[in-house]
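1. have a look at this prediction, sequence included:
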Amino acid sequence: MQQHITFREASWPADAAPLSRIRREVFIEEQHVPEALEFDGLDAAALHWLASGPDQEPIGTLRMLPSGQIGRMAVRAAWRGHGIGSRLLEHALAAAARHGWQEVWLNAQNTRIGFYARHDFFVISDPFEDAGIPHRRMLHRIPRPTTPHACPHPHTP
């Protein structure tokens with residue numbers, strides 16, 4: 001399945017329908033998150049990514065707010081286990097680095113802490129509930145780009 005998956009930066013409201021469809025299926029229908037909590041009015045200000053399968057079927061999404069908060073990562077059940085969440089997260093981290101951000105953060109469901117830890121996120125909070133689901137806040141520090149050091153005594157011919 002992996003060879004048929006594409007990833008692109010999406011925009012709200014232009015891509016609201018496929019982004020919403022994935023989030024509605026995963027969060028509202030599967031996890032019983034109230035719709036008013038899922039669609040919190042922050043999407044217009046966020047960066048979004050969309051993963052699509054064959055025939056451009058929307059299969060995964062993630063958003064990143066201007067505050068550096070990553071969230072709303074969702075992959076449709078039939079597509080889980082194919083690295084889609086990891087690829088979406090890599091796109092968000094690369095965008096954060098391009099923006100010059102020093103760190104990003106997220107509220108991870110307790111069952112997903114190991115996933116985020118594999119992407120160099122670390123827990124920074126006590127457990128808390130969000131939409132009735134146990135979470136922990138996690139942080140990821142963006143590595144600074146390395147620049148070549150100028151030689152203090154350049155060799156002159």
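-> Cool, the structure landed.
2. who's in contact with the longest helix seen in the chain?
-> Longest helix in the chain, counting residues (DSSP state H): helix 84-98. Residues outside helix 84-98 that contact it (CB atoms under 8 Å, 6 or more residues apart in numbering) are 5, 7, 9, 47, 49, 51, 59-62, 64, 68, 70, 73, 75, 104, 115-116, 118-119, 140, 142-143, 145. To be clear about C-beta, it is placed using only N, CA and C from the backbone, and glycine gets the same treatment.
3. which of the residues in it are buried?
-> Neighbour counts using 16 or more other CB atoms under 10 Å place 84, 85, 87, 88, 89, 91, 92, 93, 96 of helix 84-98 among the buried residues.
4. sorry, back to before: out of the contacts of helix 84-98, list just those in helices.
-> Using DSSP H, those in helices are 115, 116.
5. need the buried ones from the contacts of helix 84-98 selected in ChimeraX.
-> Buried residues among the contacts of helix 84-98 (16+ other CB under 10 Å), as a ChimeraX selection:
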select :5,7,47,49,51,59,60,61,62,64,68,70,73,75,104,116,140,142
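6. which residues sit against the strand ranked longest in the chain?
-> Of all segments of type strand in the chain, defined using DSSP state E, the longest is strand 133-141. Residues outside strand 133-141 that contact it (CB under 8 Å, 6+ apart): 31, 33, 93, 102-110, 113, 116-117, 119-129.
7. what segments of the protein are strands?
-> 6-10, 47-52, 58-64, 69-75, 103-109, 122-123, 128-130, 133-141.
8. looking at these, which is closest to residue 19?
-> Comparison of the strands of the chain against residue 19 by CB to CB identifies strand 58-64 as nearest, at 5.0 Å.
9. within its sheet, name the partner strands of the closest one and how each one runs.
-> Paired with strand 58-64 in the same sheet, following DSSP bridges, are strand 47-52 (antiparallel), strand 69-75 (antiparallel).
10. many thanks, I have nothing further to ask.
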